[in-house]
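Participant: Here is my input; please provide its structure:
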Amino acid sequence: MRAAWLMIAGGLVVLALGIGVSITLTYGLVFVGFLGGLAYALGVSGLSQRKWIALPAFVLGLMAPFVLTFGVHSVLMQRTGHAERCTVTAKEEHPFAKYPSVDYVLACPSGEVELDRDWNDRLKTAEADVLVGPPLQPDWADSTRWNLLLVTSVSGTMILLVPVARLLRKQP
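Facilitator: Model (predicted):
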């Protein structure tokens with residue numbers, strides 16, 4: 001049982017670290033959060049010793065790094081970031097890639113920013129609004145906004161699943 005608690009706690013700590021690193025440095029580090037999510041799921045499954053709780057625990061463990069990384073970043077940028085009008089200085093188009101996109105380099109008042117967009121959403125003009133708010137990564141000002149309720153409900157569900165797993169363990 002101690003190993004289950006260590007996996008749950010360690011998983012949540014690694015998940016939090018992965019989210020923090022992903023929203024400040026690069027989204028490519030979401031895999032660190034994945035490791036935490038999987039450790040959390042294994043810990044909850046081991047704590048309850050019930051097979052049916054493994055599915056929701058693993059769904060939460062796999063979904064949480066994506067939802068929390070991109071959702072927390074979007075919510076924080078909405079709350080703390082400020083919009084700057086930026087000019088496109090360079091762009092690299094990838095129309096024939098598996099996922100067509102355009103990579104942009106933008107000159108903003110706060111410095112140079114590199115962002116990418118899906119091919120269908122590419123910029124029509126040489127200017128765009130960008131949300132900046134160091135130390136967070138910049139983001140497009142017109143991008144889809146995440147809902148604070150969704151972001152907090154994933155975290156709340158993960159926290160509430162732990163006592164449920166513990167209660168299930170006590171049943172014969």
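Participant: Tell me how this structure divides into domains.
Facilitator: Listed by automatic domain parsing, the domain ranges of the chain are 2-79+145-170, 86-140.
Participant: pLDDT averaged over the last one - what is it?
Facilitator: Looking back up the chat, that one is domain 86-140. The average pLDDT within domain 86-140 is 88.
Participant: Span of that domain from start to end?
Facilitator: Domain 86-140 has an end-to-end distance of 10 Å (Cα to Cα, to the nearest Å).
Participant: Tell me which of the domains of the chain is the most buried.
Facilitator: domain 2-79+145-170 (a mean of 17; mean count of other Cβ atoms under 10 Å). Placement of C-beta: from N, CA and C, glycine included.
Participant: Determine the longest helix present in the chain.
Facilitator: Using DSSP state H, we find that the single longest helix of the chain is helix 54-80.
Participant: Quick check: which helices or strands does that helix pack against?
Facilitator: Helix 54-80 sits against helix 2-24, helix 30-48, strand 127-133, strand 136-140, helix 148-170, with contacts defined as 3 or more Cβ pairs under 8 Å, 6 or more residues apart in numbering; DSSP states H and E.
Participant: Can I get the ones you listed in TSV including distance to residue 100?
Facilitator: Formatted as TSV, these follow (distance: least, Cβ to Cβ, whole Å):
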stretch	distance to residue 100
helix 2-24	24
helix 30-48	22
strand 127-133	19
strand 136-140	17
helix 148-170	28
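Participant: Please identify which of these is closest to residue 86.
Facilitator: strand 127-133 (4.8 Å; Cβ to Cβ).
Participant: what pairs with that closest one, and is each one parallel or antiparallel?
Facilitator: Strands flanking strand 127-133 in the sheet, each with its direction: strand 82-94 (antiparallel), strand 136-140 (antiparallel) (DSSP bridges).
Participant: right, and those - which one's nearest residue 15?
Facilitator: For the strands paired with strand 127-133, distance to residue 15 was read as Cβ to Cβ. The smallest value, 18.1 Å, belongs to strand 136-140.
Participant: follow-up on the earlier one: which one of the helices and strands packed on helix 54-80 lies nearest to residue 55?
Facilitator: helix 30-48 (9.3 Å).
Participant: Local confidence estimate at the residue nearest the centre of the chain?
Facilitator: Centroid-nearest residue in the chain, with Cα atoms, centre = their mean: residue 69, separated by 1.4 Å. pLDDT recorded at residue 69 is 78.
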